[in-house]
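Student: build the 3D model from these lines:
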Amino acid sequence: MIPVSILTGFLGSGKTTLLGYLLRQPEFSRTAVIINEFGEIGLDHELVEASDDSVIELTTGCLCCKVRTDLTQTLQGLLRRLDEDTSTPFDRIVIETSGLADPAPILHTLMTNSELAGRLALGGVVTTIDAVTGAGTLEREEVSQKQVAIADRIVLTKLDLAGAAKPELRRRLAALNAGAPVLRATCGQVDASILFGADFRDKQTASFEVHSWLAEDAQGHSHARHDADIKTYAIVRGEPIRAVTLTLFLETLAEHCGADLLRVKGIVNLVESPDRPAVIHGVQHVFHAPAWLERWPSDDRRSRIVFITRRIPQCWIEVLLDAIGAEVADVTH
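Tutor: Prediction:
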């Protein structure tokens, strides 16, 4: 499986500088980069070999291509070139979104396209935030809020200009996405080894990610956070949940709340599998089949599901889960 990572962030937040640095690192030498339009990426001219084709080879040995029709066709074209041995080999794909783009449709493509599912795996979402203007951007731009809310990693950029991230910016980031680690980039340089995760279905990666997702719940409490219409909260259950309850719960959420479910991530203790927790992951109306860890990552065996939503009250989610659980219990007894 080839991991596909998404690099997003608002206009001018430093995506291009960060990407240029990453492509020069040895561990990124076998990377294919996909961008919306080649002219928008502005990669340093030293990286680019002149070409009129939709796929060009960079001087680092990486590939870069632009989306001419849709993302699915672009990804299929890359895989076909790889299979036919007509392009530079790659073992990672990074998609850089436009600064005004909502990353959710890209996640949908990776999670729902059956032709791609056997070859590609979601490798994580990285969002860049300008330490100088980021607080103001988050105040004005809803798409910037969403880019932060669904991130697995947040990278603060332009710290050489700002000196340090302002407290109000860090509070804003924590309100939108308390579970994502916040990394620091100086002149676009950041530790590449921790920037992009592998496939979340990988057991080792999943165990690490669970700790990250649930960092806000370290004290055993569920905290609701608010930023405009975007809310982040964790649903915690001490008693194991039946598999059919979880299935019906997620199906109901997808059917009735899909557009406003920005992201759902969690670890669940199922009645049918007490020693192997299920890791769930969803974006809007699309959910992956659960991944199963070999063991619990800690002594805490509570089910904890983190929701990042737009205008969906936590109390509604709580009542829905309890109601479905009660109905399933009545049927099974």
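
Student: quick one: neighbours of residue 119, just the number.
Tutor: The tally of other residues near residue 119 (other C-beta atoms under 10 Å) stands at 15. Quick note: C-beta positions are derived from backbone N, CA and C, even for glycine.

Student: without its sequence neighbours, what residue ends up closest to it?
Tutor: Closest residue to residue 119 apart from its sequence neighbours, by C-beta to C-beta, 6 or more residues apart in numbering: residue 79 at 5.8 Å.

Student: helices or strands up against whichever strand or helix holds the one you found?
Tutor: Under the criterion of DSSP states H and E, residue 79 resides in helix 71-84. Helix 71-84 is packed against strand 31-35, strand 55-57, strand 63-66, strand 92-96, helix 104-112, helix 114-117, with contacts defined by 3 or more C-beta pairs under 8 Å, 6 or more residues apart in numbering; DSSP states H and E.

Student: what mean pLDDT does the last one get?
Tutor: Helix 114-117 shows a mean pLDDT of 83 in the predicted model.

Student: list the buried residues of that helix.
Tutor: Residues of helix 114-117 classed as buried: residue 116 (neighbour count, 16 or more other C-beta atoms under 10 Å).

Student: show me what the next helix or strand after that helix is packed against.
Tutor: Going down the chain from helix 114-117, the next helix or strand is strand 120-130, by DSSP H and E. Where contact means 3+ C-beta pairs under 8 Å, 6+ apart, strand 120-130 is packed against strand 2-9, strand 92-96, helix 104-112, helix 134-140, helix 142-149, strand 153-157.

Student: given strand 120-130, what are its sheet partners and their directions?
Tutor: Next to strand 120-130 in the sheet, as set by DSSP bridges, lie strand 2-9 (parallel), strand 153-157 (parallel).

Student: list of residues touching stretch 182-189?
Tutor: Applying C-beta atoms under 8 Å, 6 or more residues apart in numbering, the contact partners of stretch 182-189 are 14, 17-18, 20-21, 128, 153-157, 159-160, 170, 173, 190-191, 194-195.

Student: measure it end to end?
Tutor: Length of stretch 182-189, first residue to last, C-alpha to C-alpha, to the nearest Å: 14 Å.

Student: burial of residue 313, as a residue count?
Tutor: Residues near residue 313, counting by other C-beta under 10 Å: 12.

Student: nearest spatial neighbour of it, skipping sequence neighbours?
Tutor: The shortest distance from residue 313 to any non-neighbouring residue, by C-beta to C-beta, 6+ apart, is to residue 231 (7.8 Å).

Student: thinking that neighbour is in contact with residue 315, fair?
Tutor: No - using C-beta atoms under 8 Å, residue 231 makes no contact with residue 315, being 11.2 Å away.

Student: quick one, which of the two is more surrounded?
Tutor: The neighbour count for residue 231 versus residue 315, taken as other C-beta under 10 Å, is higher for residue 231 (22 against 10).
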